[in-house]
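Participant: just to be clear, the model below is a prediction. Sequence and coordinates:
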Amino acid sequence: MKYESLTAEELKKNLSEQKKKYDAILKEKLNLDMSRGKPASDQLDLAMPLLSVLSENTKFPKGNDYRNYGLADGIPELKALFAELFDVPQEYVYIGGNSSLNLMYEMISDAMLTGVLGQTPWCRLEGKVKFICPVPGYDRHFNICEKLGIEMISVPLTEDGPDMDIVEDLVASDPMVKGIWCVPRFSNPSGIVYSKETLKRLAKMKTAATDFRIYYDNSYFVHELYEDAPALANIFDIAKELGTEDRIYMFSSTSKITFAGGGVSVLIASPKNMTSIREKMGWKTIGFNKIWQYAHYLFLGSVNNIKAIMQRQANCIRPKFELVLSALQEAFGDSDTVTWNAPKGGYFICVKCLSGTAKKIWASCKKAGLTITPAGASHPLHMDDADSYLRIAPTYPSLEDLKKATEVLITVMKMTILEKLLQD
C-alpha cells in the first residue's frame, strides 16, 4: 500500500485497523527478542564437536606443550590457518581471547595511554581526539569512543562504503582525527560490502595525523548467506603497494563460526605494528588460552572446512532473513515510507522508516513484548537526527517466534507511520 498517497479518511481507516491488531497483540503478553545478532541454538549445536576434539590422549605438536606458558601471540597452527583465510603473511597474525571487541578496545586504549609506535599518547595531546564513524554503524564501536572521551564524526555510509569525499577532507585537514571505524563486509547493520575503489581511497588518502589508523572490523568476512555474495578486496595487498599498510588494524573472531561466548579472536597488522602490539600485550597478559586455540585448530581444520561450516550456518539463518524480508516487501514494497537492505551475508537487516518514527516504533514494540535494538543505536551517542533507522536481528528467535515477532514489528510500523502521516 502506498501510504503517502492516501487521503486523510483512508489514513484514519487504515490506522483504526492497525490499532485493533495492536490491541489484540498486547493481550497476548508476548516475550520476543530480535535485539542483537546472536546465533540461535541450532547454530551453536553445529560447533558441539569442538568440545570433544581434545582428550587425555591428545598429543600437542612436537616442541610445544600448550598447557604451559609461552607463545603469547597464539599457536602457530591457528595463526597459519587465519593467515590463509585472510590471505596475509603469518607474521601479521595475533590470536587473542574470545572477543575481537576486546582487542579493538585494547588498541584504542593503548593509543590513548602509550601512543602509537612511539608517538605522543593521545591523552597528552591538546584538544580532543576524533574518530570518523560511518553511519548507520555498530553501536559497540561508538560506545568505546564515547567511554574514552573520543569525539565522533558521523559520515554517511553509501553502497560502496563510507562517503570518501567527506572522509578524505576530514583526515587531510585535522591532525586530531586519529581513526575511522570500518565494517567492510556485510557492514553492521547495513549489510553493504566496501568496493575495491573505496579500499584504495582509504589506503591512499593523505592524513594530517601520522598515527591515523583504520579500525577494520572484519567480523563477517566468511558469513555469506548466498553463493553470489560480493567479495571483499584484500586491503593489505592494496595498502602494501601504496606503502600504507601500517595504518590498518584488522580484527575478526570465530564468535559466529563456533561458540559466540567461547571462540577465539584475531588481530592482523603489519610487522611494524605487530612488534609494538606483542610488546604491549606482553605487559598485560602471559597469553591467551592455547589449549582452546588448539581445539579450534583441530575443529576448523582448513579454509575449505571453515567454508563448509559457514554453509551449514547459512542454511540455519537464511530462511529467517527471507521471512523478514518477504514480510517487509508485502507490507511496504510499493511505498516510499520504508526502505531496507536485502543483505547477501552478515547478521542484520537495516530498516529506514519515515523520519520521526523510529523511537516510537521501538517503544511500541517494547510495550507489545518485542525487544528490538533501541532506535538511534546505529549512530554515535544514539543521535539519529532523522529518527528513522532500525536494526533488525533475525537470527536468534526460532522460525515460529520470528514469524510472530515480524507480525508485531510490521503492525507497529504501519500504525506509527499512519499516525505520523496524519499528524503531518
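Facilitator: Nice, I can see it.

Participant: am I right that residue 400 is in a strand?
Facilitator: No. Checked against DSSP: H, G, I helix; E, B strand; the rest coil, residue 400 lies outside a strand; its state is helix.

Participant: contacts only, for it.
Facilitator: Listed by C-beta atoms under 8 Å, 6 or more residues apart in numbering, the contact set of residue 400 is empty. Any C-beta I mention is one placed from the backbone N, CA and C, and that applies to glycine too.

Participant: would you mind measuring from it to residue 40?
Facilitator: Remark: distance between residue 400 and residue 40 (C-beta to C-beta, to the nearest Å) = 12 Å.

Participant: same check on residue 403?
Facilitator: Distance, residue 403 to residue 40, using C-beta to C-beta: 14 Å.

Participant: the more surrounded of these two?
Facilitator: Higher neighbour count among residue 403 and residue 40: residue 40, with 18 against 14, using other C-beta atoms under 10 Å.

Participant: does the more buried one touch residue 347 like I think?
Facilitator: No. In this structure residue 40 lies outside contact range of residue 347 using C-beta atoms under 8 Å: 11.2 Å.

Participant: quick one: contacts of the helix or strand hosting residue 365?
Facilitator: Assigned by DSSP states H and E, residue 365 belongs to helix 358-367. With contacts defined as C-beta under 8 Å, 6+ apart, helix 358-367 is touched by 22, 26, 353, 371-376, 384, 387-390, 408-409, 412-413, 415-416, 419.

Participant: and with 10 Å instead?
Facilitator: By C-beta atoms under 10 Å, 6 or more residues apart in numbering, the residues outside helix 358-367 that reach it are 22, 25-26, 30, 32, 34-35, 351-354, 357, 370-378, 382, 384, 386-390, 405, 408-409, 411-417, 419-420.

Participant: what separates that helix from the chain centre, distance-wise?
Facilitator: Here the centre of helix 358-367 is set off from its chain's centre by 23 Å, with C-alpha atoms, centre = their mean, to the nearest Å.

Participant: neighbouring strands - and their directions - for the next helix or strand after that helix?
Facilitator: Using DSSP H and E, the helix or strand that follows helix 358-367 in sequence is strand 370-372. Note on strand 370-372: by DSSP bridges, its sheet partners are strand 32-34 (parallel).

Participant: residues of the strand it pairs with that come out buried?
Facilitator: 32, 34 (16 or more other C-beta atoms under 10 Å).

Participant: the next helix or strand after that strand packs against which elements?
Facilitator: Using DSSP H and E, the helix or strand that directly follows strand 32-34 along the chain is helix 41-45. On a contact count with 3 or more C-beta pairs under 10 Å, 6 or more residues apart in numbering; DSSP states H and E, helix 41-45 meets helix 303-332.

Participant: who are the packing partners of the helix it packs on?
Facilitator: helix 41-45, helix 76-86, helix 290-300, strand 339-340, strand 349-352, strand 389-392, helix 399-423.

Participant: just the angle for that helix relative to helix 76-86, thanks.
Facilitator: Counting by axes from the mean of the first three to the mean of the last three C-alpha atoms, to 10 degrees, helix 303-332 lies at 50 degrees to helix 76-86.

Participant: for the record, mean pLDDT for helix 303-332?
Facilitator: When pLDDT is averaged along helix 303-332, the result is 98.

Participant: neighbours around the residue lying closest to residue 188 once chain neighbours are set aside, how many?
Facilitator: Spatial nearest neighbour of residue 188, chain neighbours left out: residue 138 (4.4 Å); criterion: C-beta to C-beta, 6 or more residues apart in numbering. By other C-beta under 10 Å, the residues close to residue 138 number 24.

Participant: show the backbone phi and psi for residue 138.
Facilitator: Main-chain torsions, residue 138, degrees, to the nearest 10: phi -90, psi 120.

Participant: OK, contacts around it?
Facilitator: Contacts for residue 138 (C-beta under 10 Å, 6+ apart) come out as 37, 101, 144, 181, 183, 187-189, 217, 219, 348, 377-378, 391.

Participant: okay, now residue 56: neighbour count?
Facilitator: Residue 56 has 4 neighbours, counted by other C-beta under 10 Å.

Participant: returning to what we had before: ok, so what distance separates the residue nearest to residue 188 from residue 251?
Facilitator: Per C-beta to C-beta, residue 138 is found 12 Å from residue 251.

Participant: ok, now residue 114?
Facilitator: With the distance defined as C-beta to C-beta, residue 114 ends up 19 Å from residue 251.

Participant: any stretches of the stretch 51-200 of the chain with poor pLDDT?
Facilitator: The stretch 51-200 of the chain contains no residues with pLDDT under 70.

Participant: can you map out the helices along it?
Facilitator: Assigned by DSSP state H, counting those that start in this stretch, the helices in the stretch 51-200 of the chain fall at 76-86, 100-114, 139-147, 164-173, 196-204.

Participant: I'd like the ones you listed as CSV, with distance to residue 56 and mean neighbour count appended.
Facilitator: Compiled in CSV, the helices of the stretch 51-200 of the chain are given as follows (distance: least, C-beta to C-beta, whole Å; neighbours: other C-beta atoms under 10 Å):
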stretch, distance to residue 56, mean neighbour count
helix 76-86, 20, 19
helix 100-114, 31, 19
helix 139-147, 39, 18
helix 164-173, 54, 16
helix 196-204, 47, 19
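
Participant: closest one to residue 210 among these?
Facilitator: Nearest of the helices of the stretch 51-200 of the chain to residue 210, taken as C-beta to C-beta: helix 164-173 at 11.4 Å.

Participant: show me the contacts for the closest residue to residue 25 other than its chain neighbours.
Facilitator: Spatial nearest neighbour of residue 25, chain neighbours left out: residue 368 (5.0 Å); criterion: C-beta to C-beta, 6+ apart. For residue 368, the contacting residues are 22-23, 25-30, 32, 405, 408-409, 411-412, by C-beta under 10 Å, 6+ apart.

Participant: pull out the buried members of those.
Facilitator: 22, 25, 30, 32, 405, 408-409, 411-412.

Participant: max-length strand in this structure?
Facilitator: strand 151-158 (DSSP state E).

Participant: that one - contacts with which helices or strands?
Facilitator: Applying 3+ C-beta pairs under 10 Å, 6+ apart, one finds that strand 151-158 contacts strand 130-135, helix 139-147, helix 164-173, strand 177-182.

Participant: still on that earlier bit, got the helices of the stretch 51-200 of the chain as CSV, with distance to residue 235 columns?
Facilitator: Formatted as CSV, the helices of the stretch 51-200 of the chain follow (distance: least, C-beta to C-beta, whole Å):
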stretch, distance to residue 235
helix 76-86, 10
helix 100-114, 16
helix 139-147, 18
helix 164-173, 14
helix 196-204, 5
